[in-house]
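Engineer: build me a structure from this.
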Amino acid sequence: MALASSMLTAMVSLAILFGAVLADIGGQDVADRIIDRYGLTGAGADAVRDVFSSTADTSVGVLGALFLLISMLSFARAVQRLFEQTWQLKPLSMRNTVNDAKWVLAFVIYVPVSGWLFAVAGRGHLTLAVNLLEASLSGLFLVWGGWILSAKRIAWSDLLPFGVIVSVLMALYGVGADFYLPRLFNSYADRYGAMGVVFAMLSAFFGIVLVVVGSAALGREVRDELGRIRQGERPPDDEVRREWDSVVSQMRERWHTTRGRISSFRPSSKPSEELSDELSEEPSEEPSDESSDAPSEKPEQP
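Structural biologist: Here you go, the predicted model:
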């Protein structure tokens, strides 16, 4: 979720920048491009205009440029941490600022090019083909991004499985987003007004981040498996069975732990009436005086 929030901040900053640039050259503003991209109507389209229509009248000053730079570098470092953690690399943080800046410049070019593809194709029979082309472009950009953000510590060949997987999943996500996002924008706009656009954008970016993170993890596993195959290593025949048994045992252990915690909060199973009955049925233990109870026996005289 943190990566999606960072992406939202960076994209809103870019929208302000592009809105100012498009206003100077007399092009279509950001709000109309978003509406045309997803075919928004009704409350969703009105909310998008309310949020982004002011970007055309906004001039980017010194403070705006500084905020844009900080937000973009923060987003670049978030993506950098994704690759470092997935490939278990030593974090570089601020020492990789030069490569982060290169990635930011490429991202500033990638975003309008991706939007231009949909603007040219429109929402017709070419939408699916444009989704596939845009997904391939995204996969290529992310592979290059993993290489540059890792300070070239991850080879291109190691990133290729990730690129293929993320391209396929991004194409599927793009097709689904064309049907789902218009309803999401309209629903959030009806509930929250202009603020609903921000919530809808955050949800859309969370889906993109989920695709990228899952593809990175799966691509790393595929790369490791391909490396073992090239080296002639074969997993044991019962490896799958052992992994399954390990998962089952862990689930059972967690289930028993959770069940024990739940049972510790339950009241006693015996009601108070039964306890009182049991206490009343117990025989009373009182000392008896055998000498007083037993009849006196006199010895017989001859």
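Engineer: Phe199 touches Asp190, doesn't it?
Structural biologist: No. Judged on Cβ atoms under 8 Å, Phe199 makes no contact with Asp190 at a distance of 11.8 Å. Quick note: C-beta positions are derived from backbone N, CA and C, even for glycine.
Engineer: neighbour count winner among the two?
Structural biologist: Comparing Phe199 with Asp190 by other Cβ atoms under 10 Å, the one with more neighbours is Phe199, at 17 against 13.
Engineer: so for the more buried one, what's the pLDDT?
Structural biologist: Reading off the confidence values, Phe199 has pLDDT 85.
Engineer: now the element after the host helix or strand of Glu84, going C-ward?
Structural biologist: Secondary structure from DSSP states H and E places Glu84 in helix 62-86. Along the chain past helix 62-86, the next helix or strand (assigned with DSSP H and E) turns out to be helix 97-121.
Engineer: check the offset of that next one from the chain's centre.
Structural biologist: Relative to its chain's centre, helix 97-121 lies at 23 Å (Cα atoms, centre = their mean, to the nearest Å).
Engineer: and the helix or strand just after that helix, what does it pack onto?
Structural biologist: Going down the chain from helix 97-121, the next helix or strand is helix 127-149, by DSSP H and E. Packing contacts for helix 127-149, counted by 3 or more Cβ pairs under 8 Å, 6 or more residues apart in numbering; DSSP states H and E, involve helix 62-86, helix 97-121, helix 156-192.
Engineer: between those helices, which one is closest to Ala2.
Structural biologist: With Cβ to Cβ, the closest approach to Ala2 among the helices and strands packed on helix 127-149 belongs to helix 62-86: 6.9 Å.
Engineer: tell me the centre residue of the chain?
Structural biologist: To find the centre residue of the chain, average its C-alpha atoms and take the closest one (Cα atoms, centre = their mean): that gives Leu210, at 4.4 Å.
Engineer: where does that residue land in three-state SS?
Structural biologist: Three-state call for Leu210 (DSSP: H, G, I helix; E, B strand; the rest coil): helix.
Engineer: now render the helices and strands packed on helix 127-149 as JSON lines, adding distance to Phe205 and mean pLDDT.
Structural biologist: Output for those, formatted as JSON lines (distance: least, Cβ to Cβ, whole Å; pLDDT from 0 to 100):
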{"stretch": "helix 62-86", "distance to Phe205": "11", "mean pLDDT": "86"}
{"stretch": "helix 97-121", "distance to Phe205": "13", "mean pLDDT": "85"}
{"stretch": "helix 156-192", "distance to Phe205": "11", "mean pLDDT": "87"}
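Engineer: is it possible to get a markdown table of those helices that adds distance to Arg261?
Structural biologist: Formatted as a markdown table, the helices and strands packed on helix 127-149 follow (distance: least, Cβ to Cβ, whole Å):
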| stretch | distance to Arg261 |
| --- | --- |
| helix 62-86 | 32 |
| helix 97-121 | 45 |
| helix 156-192 | 37 |
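Engineer: for Val48, which of these is the nearest?
Structural biologist: Taking those one by one with Cβ to Cβ, helix 156-192 is closest: 7.1 Å.
Engineer: could you list every helix and strand that the helix holding Glu84 packs against?
Structural biologist: With contacts taken as 3+ Cβ pairs under 8 Å, 6+ apart, helix 62-86 sits against helix 2-25, helix 97-121, helix 127-149, helix 195-230.
Engineer: to Arg254, which of the ones you listed lies closest?
Structural biologist: Relative to Arg254, the nearest member of those by Cβ to Cβ is helix 195-230, separated by 22.4 Å.
Engineer: ok, then the element right after that closest one?
Structural biologist: Going C-terminal from helix 195-230, and assigning secondary structure by DSSP H and E, you next hit helix 239-264.
Engineer: centre of the chain to stretch 191-207, how far?
Structural biologist: Remark: stretch 191-207 is offset 15 Å from the chain centroid, using Cα atoms, centre = their mean.
Engineer: what angle do the helix holding Glu84 and helix 156-192 make?
Structural biologist: Orientation of helix 62-86 against helix 156-192 (axes from the mean of the first three to the mean of the last three Cα atoms, to 10 degrees) gives an angle of 130 degrees.
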